[in-house]
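1. mind looking at a prediction? Sequence and model below.
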Amino acid sequence: MLSSKGWDPCLETSFLHCRHQEYIGKVTHAVFQTASGKKRVIVATEKSVVASLNLRSGEIFWRQVLEESEPIDGLQVALGKYAVSLSRGGSLRSFHLPDGSLIWETSLYTSPSPAQLFLLPSDDLLVLKQGIVYVVSSADGRLLWTSDLLDESRLAQTSLSFEGKNIYVAGFSGSSLALFRIDASTGAFTTLKTTEPLNPSSFVLSSGVFAALDTQGNIVTGLMEAEVVELQKTSLATLLDSPVSSAQLLPDKIPGGCVLSTDGGSIFVLGLDKKGVEVLQQIQGPPVVSNSIVLDGTFAQSFLQHINSKEIRVRVLSGKEWIETAEETVEVDPNKGGVQKVFMNAYIKTDRSRGFRVLIVGQDHSLALLQQGKVVWSREEALASVVDTLTAELPLEKAGVSVAEVEHDLYEWLKGHVLRLKSTLMLATAEEQTALQALRLNNADKTKMTRDHNGFRKLIVVLTSSGKLFALHTGNGGIVWSRFIPELSTKGSLKLYPWRIPHKHVDENAVALVLGSSHDGTGFAAWVDMLTGSVQETLALPYSVKVALALPVVDSSERRLHLLIDDQNKAHLYPTSDESLSLFEKYMQNVYFYIADKEAGQIEGYNIKSQVDAGEEGGLVFQSQKIWSVLFPKDSETIAAITTRRADEMVHTQAKVLGNRDVWYKYLNKNMVFVATVTPQDSRVGAANPEETWLVAYLIDSVTGQILHRVSHAHAQGPVHVVFSENWVVYCYFNVRNHRHEMSVLEVYDKSADGKDVLQLMLGRYNASVPFSSFSPRNLEVKGQSYFFPSTVRTMSVTFTARGITGKQILVGTIGNQVIALDKRFLDPRRSADPTPMEREEGVIPLSEGLPLFPQSYLTHAARVEELRGIISVPARLESTCLVFAYGIDLFFTRTAPSRTYDSLTEDFSYALLLITIVVLVVAIAVSMVLSQRKELREKWK
Amino acid sequence: MRRLVPAIAFFATLLAIATASSGFQWDELDDEEWGFMGSSPASSPPPGPQSDLARKKQAAPEASSSPESNKLQFPLEHAFGGSEFTRAGVFTARLRPSLRGGQALGKLRLSRLPLSGAEKQAFEELLKEDGFYTIRVPANPLSPGAPFVISSIKARCLAIANLKERLDIHMDQGNIIAVGYSAGADCPYPRELKHPASWTFDTHIVSKGGEQAKTVLFNDFGLGSTADDTLGDEAMAAIKKPPPEKSFWAKYWMYIIPLGLIVMNAITQVANMQEEPGAPAGGGQQARAPAAVRRR
């Protein structure tokens, strides 16, 4: 469990290029805390975060990140000072409201089953888990009492309400409804009987009364005070004055009432009491119902409805009547989708009347506060669930057109330089230092919407699991545009592909292809402009996309040809123009792809055979044929990781010159695939037998299916994290026997060229510029070595630079949610205990069993990227530098220079100081020249 | 006891490495050896005529292991550019117990059936369209049938190599993981159309077991590894060799050079002081000479 407070290391003087943004995820529970002191709202989210937000601005006061595998089932504020969360694994945790520190923690049970958390009128906490009731003291987390209502059999869809001293619980036991009454102080319970058996389709419980819908179209109500509950049946048709074919009771809680939705699209708010059931209000169209609050002894609740995509109507129901003064129409951003959840809070206005504010959670996971008919603030919480990223170049700066929002004036420029000069000469005061820091951070140059010379300014286009796309500016991390595509929110796997990256037509915008596919066999494609965010085209696909291949061919308008492989292994070509067909036909024979099936434990290779009739859907469809397969024995190997090289990777040189002037040639086959398999085992802790756990690493040519190399590691266990770059693979796993993490490296060299001289290589067919065929067998040599790694790995990546000259760093995301840059030279398979002088000259480091972690190698400094899931590296135009973007719940961006910035001056290099030095020197030269001439003259007159 | 455990571990590793490497290569198949099957395991009989052998194979069941010997047969099937798979030959192998339990295959031999007329025609067709010649073997030869391991090669590559083929069979405990199928010669792209000189396959089989990776070497004595416990003081001393003695100049050059400079400086100063009485006159002449040049 990790907490963080609002300190950002990126604001420190020495880390100018990093940006750290904190998010919390999609809010599932919220409790307002406005009674005294700071106005705040406590929220719990899908990402298992408990956070306290400033109600005025939406900023995070504090947050606690709990185990992601245990979603938060309930959140309450107890005794006015503790925020209590209930996790799926049965952990009840209490956090101090002002600072978020953990006050107490109780583990009630261990089974990962859903439960509900309630606050009793006595301010104690009640947990209801499938028919077992736990009551916990909110002061210290002590278990006061527990009762098992059904003797360990399960109660489904439970509901609970309080009335006076009693707690009422209802739930399905099998298909029949079971009702219970519990004494709140002792936990003694009574099983209530009904006058006739109940088998309802849906039910609700409200203030000691229950309402259920039976299969005959009646609403059955009963008072739960008596031992034997008398049932009252009312026909829905007579109650609602209209025939109803199907209806449902919504689970929204209304004290003393319930919400009924009918097939006609209407919603009825029903009142339940001793006398029976009555209709309080009828609402057209489905509203979103908030939690209820107590107002002057009655309950109040707000109902939100979309009038159109831009406007929301907010109404508050108190007792039987709408509060007229509270009815508001609020304009919202149509880019956020529909409202999914509402939380309501009341406050006293300055004129002593009552006002209401609501917190809404949108379909795009955003969180917004509505008050006084306006959106006061909103948070883009979709950014906590990034699934894929792309980078886009900004447009070129055109002469005469200033695209920058804020240009420096001369005075500002001068002031900045004077400040820098003072700082360099150590004359600056503390205030001036802070002013300089602010100036550096908000440098308008950084946030310009144009390309810069060094290629540091880019747009990072991120796709989130909510189906919303964002473009983030690398200069300040700000959102340039965002686009919500509702069709994507229902799709399971989402991916981004670069569809069109203009090189010739530089004034045109880059386009990204967004693909989503779901298990029901349908897919969705959208083409989005990467600079403006406008959706150019959408397409519903009648198949789910297994693999999407970007072909190395572009058409005349620079659209890249893409092949989408469907579940029948048919290939669909996009764009569907005649031009792309003719381009593809030339190329078709050489298109190979592979499909890995982790469940079946096999990898199959395919080749495109011929075009087939597309049928009704149209488009360009091709038949594939299976040409190879690799089948891993099911009982001893399951696929743990599959990785290929990045298609756009630049390799500077194919040759590696050794200390003894030997040359080794890197085997740079772009079709090489790394596959790691591990021994299948049950996931229980300690179940692994070190003698029987193996990891087998394969290097497979994905064109021919040839296994180029196969090596097994004893006592190794997953998860396996892999990085594949140039001719090497680095993979990380856990060694069960040594109880340590290990990192292994494999480097592949082509030995076919051995014995050839340089001239032969330059002219012959062994150099990298000549196309080579996978069908020509090569003589390969694979070098390997393993090292211990002193940290647990969450994810791994590698730096990429513009030309591939700069050395490589491996970027490791650790269990502590930090990014470490590890020099590739430490993972050299040629390291030996005692390197020869020649090897030393070449830079081979003496062998050690462990890989070193230096404090300076933490790219994230002191920042933590909570629940770190991915690290992306993008080359800048400057060869030495690489941009690194890490995402988890938080986002982090920085620059790294694996071999130092050898090709540029630092950004805050003081040109003024240089200029002044030159001027002073020139003046000094002139003065001394004059003086020496005079002296000479004097000498001559002597 | 503490010393014993690493020693046992080391021995076990050695054994594992040794056996892994012994479970490696059975390659090199000569045409003469093709008539090996069906004989007693002790000695191989003289090779029989090839046509006779072929007939035998066609009559043979899908796969069989004779009860008295530990021999095994399984089929090799082929297809021409996505056609149905037909019988192309029979593998024979010897079963032996595997290190990691179960059984392993050894002594792999293949006897290939000659191509029929229709098959030759299909192959010619493949050559024309640059199609794939595909082979498959059962993934589990102990119980042949589906699933199969498939591998393909461009027919033109085979023709260029004159039907000289190479099969890399990757195995793990009696299972075939993959078959690497390659031609015996280089096949650069674009592939030229060439017809094979003869229609007999020249097969070379390499069976590959697993190679075990090097384990992490414990040589970092500072990191609390087990090396301190296992090695005696002498061994430690031997490993921590003293660095070779440097020469006098290499050791003290940084002191000698400044000292030399200081001495030289002092000498020149002394020399200057001796010349000082006559110095102004000489200096005046030197200064005047260039000025005179400039005046012209």
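-> Good, I have the coordinates. Numbers count the residues shown, from 1 in each chain, chains lettered A, B, ... in the order given.

2. contacts and neighbour counts: CA atoms only from here.
-> OK.

3. okay, and A:Pro98 sits in which element?
-> Remark: A:Pro98 resides in no helix or strand, with elements defined by DSSP states H and E.

4. OK, contacts around it?
-> Residues in contact with A:Pro98 (CA atoms under 8 Å, 6 or more residues apart in numbering or on different chains) are A:Lys81.

5. state the distance from it to chain B.
-> In this view, A:Pro98 and chain B are 44 Å apart by CA to the nearest CA, to the nearest Å.

6. contacting residues for the nearest residue in space to A:Glu508 that is not next to it in sequence?
-> Excluding the flanking residues, the one nearest A:Glu508 by CA to CA, 6 or more residues apart in numbering or on different chains is A:Pro502, at 6.6 Å. Residues in contact with A:Pro502 (CA under 8 Å, 6+ apart) are A:Glu508, A:Asn509, A:Ala510, A:Glu558.

7. is the third one in contact with A:Gly533, as I believe?
-> Read it as A:Ala510. No: with contact defined as CA atoms under 8 Å, A:Ala510 does not reach A:Gly533; the gap is 10.3 Å.

8. in the stretch 1-150 of chain B, what residue is nearest chain A?
-> Using CA to the nearest CA, the closest approach of the stretch 1-150 of chain B to chain A is made by B:Ile150 at 4.6 Å.

9. tell me the SS of that residue?
-> With DSSP: H, G, I helix; E, B strand; the rest coil as the basis, B:Ile150 sits in strand.

10. which strand residues bridge it?
-> B:Arg136 (DSSP bridges).

11. quick check: the gap between the residue nearest to A:Glu508 and A:Met530.
-> A:Pro502 sits 11 Å away from A:Met530, going by CA to CA, to the nearest Å.

12. repeat that for A:Val220.
-> Counting by CA to CA - A:Val220 and A:Met530 are separated by 56 Å.

13. what of B:Ile205?
-> 53 Å.

14. please enumerate the strands of the stretch 501-650 of chain A.
-> A:511-517, A:523-529, A:535-541, A:547-554, A:560-565, A:571-574, A:592-597, A:602-612, A:620-631, A:638-644 (DSSP state E, counting those that start in this stretch).

15. correction: the previous question concerned chain B.
-> B:71-80, B:86-97, B:103-112, B:132-138, B:148-154, B:164-172, B:175-183, B:202-208, B:211-212 (DSSP state E).

16. report the strands that pair with the third one, each with its relative direction.
-> Put plainly, it is strand B:103-112. With DSSP bridges as the test, strand B:103-112 is paired with strand B:86-97 (antiparallel).

17. and the angle from the strand it pairs with to strand B:71-80?
-> Interaxial angle, strand B:86-97 versus strand B:71-80 (axes from the mean of the first three to the mean of the last three CA atoms, to 10 degrees): 150 degrees.

18. circling back to that earlier point, higher neighbour count, B:Ile205 and A:Met530?
-> Per other CA atoms under 10 Å in any protein chain shown, whichever of B:Ile205 and A:Met530 has more neighbours is A:Met530, with 28 against 20.

19. which pLDDT value belongs to residue 252?
-> Let's take chain A. pLDDT for A:Asp252: 67.

20. sorry, I should have been clearer: chain B.
-> Predicted confidence (pLDDT) for B:Tyr252: 86.

21. burial count for it?
-> As a burial measure, B:Tyr252 scores 11 neighbours (other CA under 10 Å).

22. what do you get for A:Asn335?
-> A:Asn335: 17 neighbours (other CA under 10 Å).

23. need the three-state assignment for it.
-> Relying on three-state DSSP, one would call A:Asn335 helix.

24. dump the residue contacts of it.
-> Taking CA under 8 Å, 6+ apart as the contact definition, A:Asn335 lies against A:Ser482, A:Arg483, A:Phe484.

25. next one: A:Gly217
-> A:Ser235, A:Leu236, A:Ala237, A:Val244, A:Ser245, A:Ser246, A:Ala247.

26. tell me the buried residues within these.
-> Neighbour counting over the contacts of A:Gly217 (16 or more other CA atoms under 10 Å in any protein chain shown) leaves A:Ser235, A:Leu236, A:Ala247 as the buried ones.

27. from these, which is closest to A:Tyr733?
-> Nearest to A:Tyr733 among these is A:Ala247, at 54.3 Å by CA to CA.

28. how about the nearest residue to the closest one, chain neighbours excluded?
-> A:Thr262 (4.3 Å).

29. contact residues of chain B facing chain A?
-> B:82, B:132, B:134, B:139, B:149-154, B:157, B:170, B:172, B:175-183, B:185-189, B:210-220, B:288 (CA under 8 Å from any CA of the partner chain).

30. can you select the buried ones from the residues you listed in PyMOL?
-> Buried subset of the residues of chain B next to chain A, written as a PyMOL selection, criterion 16+ other CA under 10 Å:
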select buried, chain B and resi 132+134+139+149+150+151+152+153+154+157+170+172+175+176+177+178+179+180+181+182+183+185+186+187+188+210+211+212+213+214+215+216+217+218+219+220
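
31. ok, A:Glu866 touching A:Thr860?
-> No: with contact defined as CA under 8 Å, A:Glu866 and A:Thr860 do not form a contacting pair (11.5 Å).

32. which of the contacts of A:Asn335 has the most neighbours?
-> Busiest of the contacts of A:Asn335 [other CA under 10 Å] is A:Phe484, holding 22 neighbours.

33. beta partners for that residue?
-> The partner residues for A:Phe484, given DSSP bridges, come to A:Lys468.

34. swap in A:Leu822?
-> Assessed by DSSP bridges, A:Leu822 has beta-bridge partners A:Ile810.

35. hang on, the earlier thing: look up how far chain B lies from the residue nearest to A:Ala247.
-> Using CA to the nearest CA, we find A:Thr262 at a distance of 53 Å from chain B.

36. number of residues surrounding that residue?
-> As a burial measure, A:Thr262 scores 15 neighbours (other CA under 10 Å).

37. equivalent analysis for the one 3 residues further on, please.
-> Residues lying near A:Gly265 (other CA under 10 Å) number 12.

38. tell me the confidence at the closest residue to it other than its chain neighbours?
-> Of all residues not flanking A:Gly265 in the chain, A:Gly285 sits nearest, at 5.4 Å (CA to CA, 6+ apart). Here the pLDDT value assigned to A:Gly285 is 72.

39. could you do A:Gly478 as well?
-> pLDDT, A:Gly478: 87.

40. likewise the one 3 residues further on?
-> The confidence metric pLDDT takes the value 92 at A:Trp481.

41. for it, give me phi and psi.
-> When read as degrees, to the nearest 10, the backbone of A:Trp481 gives phi -150, psi 160.

42. my guess is it contacts A:Thr532. True?
-> Yes: using CA under 8 Å, A:Trp481 is in contact with A:Thr532, at 6.7 Å.

43. hmm, back to that, who has more neighbours, A:Ala510 and A:Gly533?
-> A:Ala510 (24 against 20).

44. excluding sequence neighbours, find me the nearest residue to the more buried one.
-> A:Ile501 (4.9 Å).
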